[in-house]
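> attaching a predicted model along with its sequence, questions to come.
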Amino acid sequence: MAAVSITKLCKRFGDTVVLKDVEVMVPDGAFAVLVGPSGCGKSTLLRLLAGLERPTSGSIMFGDREVTKLEPRERDVAMVFQSYALYPHLNVRDNLAFGLKLRKEDPAEIAKRVAEVSEMLGLSALLGRMPKALSGGQRQRVAMGRAVVRRPSLFLFDEPLSNLDAALRAQVRVDIRRLHRELKTTSVYVTHDQVEAMTLADIMFILNGGTVEQSGKPLEIYDAPATRFVAGFLGSPAMNVLDAVVAVEGERVEAVISDGEGQLRVALDPAQFDKLEHGKAVCLGVRPHDLVCGDAGEPGALPMTVTFTEALGGETYAHGELAGFPVVARLAATTLVQPGDLIHLMPQRLHLFDADSGTSLRC
């Protein structure tokens, strides 16, 4: 096992800057997830770790060993691809053993490792099958097994679940997390799926435009996003964000949301936020689960006319508008709302971002 340390890493393709001054530190034995929208540079970063691309500048360390200029075969990494990359003419047993045979390992050791990995991943009954006779989930487990059997110092996962349906994705996520708990091998996982990122990661790196926007433990990032981008990217449905202006009247501080016809005022706690100057343009954020139904006369209640609802069994999403901004509230399944109903929402927890820089104003 080895810690991964990336320092001031840059990558250009011609005049296009894909990664700029990326800093990443993955502790030894941790499961790290690189997450972000398409085109943010996460797959390029993974390829740089694997040695499939060379950085324009910067350094990559595995433990105390610099690998920036090493060939892939010299890095002791194993990669699991989105497309499985199984050999179609080899059965499961031979796919698992292929890398070990190339390294001329002892046949008895190869058989032992293949048996161990097959048992670990539930592949023992499938060793004689060809890849075309396997389901998508089974193929992905074989791809993982082929990586595990090599016992590398670092696992790299390149969106391995994107070809699976929702039920299989959930199952293979459990397999991957269980596998990591058993092996405790440092792993770096790339995805654009925030659910995968939140459920798999020990440490998460959110990329945007070729830079790391924020890093940390998933729930800490979710609870305290450093920027408006991170706040909007994490969470499903996404955080509601409304443009507002700070109003300071004596000791009372409010965020004023206006649609040109009327105003909504939301009280702010000065102890929670910095730089609340009168007239400052801000973005007010509140997650759907932090909006609860209140009474019409209750102080701070925000009126919203429901435009449509999504009933999901255990919860209901109510969609509408506040001062012209689209808003989603996650309500209890027992809350009976219909399109056209007027409901009054009470925000339980607020986020505030600078309108120009997008950075959080939370203390």
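Structure's in. What do you need?

> walk me through the domains of the protein.
Domain segmentation of the chain under automatic domain parsing yields 4-229, 240-354.

> adding distance to residue 360 and mean pLDDT, write these out as JSON lines.
All C-beta atoms are positioned from the backbone trio N, CA, C, and that covers glycine. Formatted as JSON lines, these follow (distance: least, Cβ to Cβ, whole Å; pLDDT from 0 to 100):
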{"stretch": "domain 4-229", "distance to residue 360": "5", "mean pLDDT": "92"}
{"stretch": "domain 240-354", "distance to residue 360": "6", "mean pLDDT": "91"}
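
> tell me which of those sits most buried.
Comparing the domains of the chain by mean neighbour count (mean count of other Cβ atoms under 10 Å), domain 4-229 ranks first with a mean of 18.

> which helix in the protein has the most residues?
In terms of residue count, the longest helix belonging to the chain (DSSP state H) is helix 166-183.

> okay, it in PDB with CA atoms only?
Provided in PDB are the C-alpha atoms of helix 166-183 (Å, rounded to 0.1, in the frame of the first residue of the first chain):
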ATOM      1  CA  ALA A 166     -29.500   1.200 -11.200                       C
ATOM      2  CA  ALA A 167     -30.000  -2.000  -9.200                       C
ATOM      3  CA  LEU A 168     -26.700  -3.500 -10.300                       C
ATOM      4  CA  ARG A 169     -24.900  -0.200  -9.600                       C
ATOM      5  CA  ALA A 170     -26.100  -0.300  -6.000                       C
ATOM      6  CA  GLN A 171     -25.000  -4.000  -5.600                       C
ATOM      7  CA  VAL A 172     -21.500  -3.500  -7.100                       C
ATOM      8  CA  ARG A 173     -21.000  -0.400  -5.000                       C
ATOM      9  CA  VAL A 174     -21.500  -2.600  -1.900                       C
ATOM     10  CA  ASP A 175     -19.000  -5.100  -3.500                       C
ATOM     11  CA  ILE A 176     -16.400  -2.400  -4.000                       C
ATOM     12  CA  ARG A 177     -16.700  -1.000  -0.500                       C
ATOM     13  CA  ARG A 178     -16.600  -4.500   1.100                       C
ATOM     14  CA  LEU A 179     -13.600  -5.400  -1.100                       C
ATOM     15  CA  HIS A 180     -11.800  -2.200   0.100                       C
ATOM     16  CA  ARG A 181     -12.500  -3.000   3.800                       C
ATOM     17  CA  GLU A 182     -11.000  -6.500   3.300                       C
ATOM     18  CA  LEU A 183      -7.900  -5.500   1.300                       C
END
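
> and it, how far from the chain's centre?
The chain centre lies 15 Å from the centre of helix 166-183; the measure is Cα atoms, centre = their mean, to the nearest Å.

> what's the answer for stretch 119-130, then?
For stretch 119-130, the separation from the chain centroid amounts to 30 Å (computed by Cα atoms, centre = their mean).

> now residue 251: how far from residue 361?
Between residue 251 and residue 361 the distance, using Cβ to Cβ, to the nearest Å, works out to 18 Å.

> would you map the strands across the stretch 1-150 of the chain?
4-13, 16-26, 31-35, 57-62, 65-66, 77-80 (DSSP state E, counting those that start in this stretch).

> what separates residue 176 from residue 155, distance-wise?
From residue 176 to residue 155 the distance is 9 Å (Cβ to Cβ).

> ok, residue 141 touching residue 122?
Yes: Residue 141 is in contact with residue 122 according to Cβ atoms under 8 Å; the separation is 6.9 Å.
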